[in-house]
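1. sequence first, predicted coordinates after that:
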Amino acid sequence: MNIHFEYIDRIIVAEAKRTDSNRVIDVSTVVLANEKAIAQASALAIQVVSSDEAIRILIENINNQLDQRVTVLEKSRYENEGRKGLSASLLMMIAGLLGGLIVFIVQKIISL
């Protein structure tokens, strides 16, 4: 019977060693997975920062282009409105001069 108990003790010790080695492997696997996750998180953080910077620069360039286009359109609009206003007032002035000239001519004819 003693032999049987010794055999059982050896089996128990062997099973404990096997379980301990599995735990060591599990712990090292978890540590390795954690290190990989940290490396991936760092790589993603770097990509997010660079992507953020690239998008910020792109939006800034688009905003500058739109500002320039709006400025050109506003300038063109004001210049066109100015030309219209100038030509309308010039036409009114010419019409006034012609009206005055006609009145002058008519008065001269009447006074003759």
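-> Done, it's in.
2. what pLDDT does I46 get?
-> Looking at I46, its pLDDT reads 90.
3. ok, how many other residues are close to it?
-> Residues lying near I46 (other CB atoms under 10 Å) number 10. (Each C-beta comes from the backbone N, C-alpha and C, glycine too.)
4. so which strand or helix has it?
-> helix 2-111 (DSSP states H and E).
5. now F104: how far from I62?
-> 62 Å (CB to CB, to the nearest Å).
6. K36 now?
-> 38 Å.
7. what do you get for K75?
-> According to CB to CB, K75 stands 20 Å off from I62.
8. where does the prediction get shaky in the chain?
-> Within the chain, the stretches with pLDDT under 70 are 1, 81-88, 112.
9. can you pull the contacts of I110?
-> I110 makes contact with no residue under the criterion CB atoms under 8 Å, 6 or more residues apart in numbering.
10. ok, now how distant is it from V31?
-> With CB to CB as the criterion, I110 and V31 are 117 Å apart.
11. and for I105?
-> 110 Å.
12. check V103 too.
-> 106 Å.
13. cool, and V72?
-> The value you get for V72 to V31, if CB to CB is used, is 62 Å.
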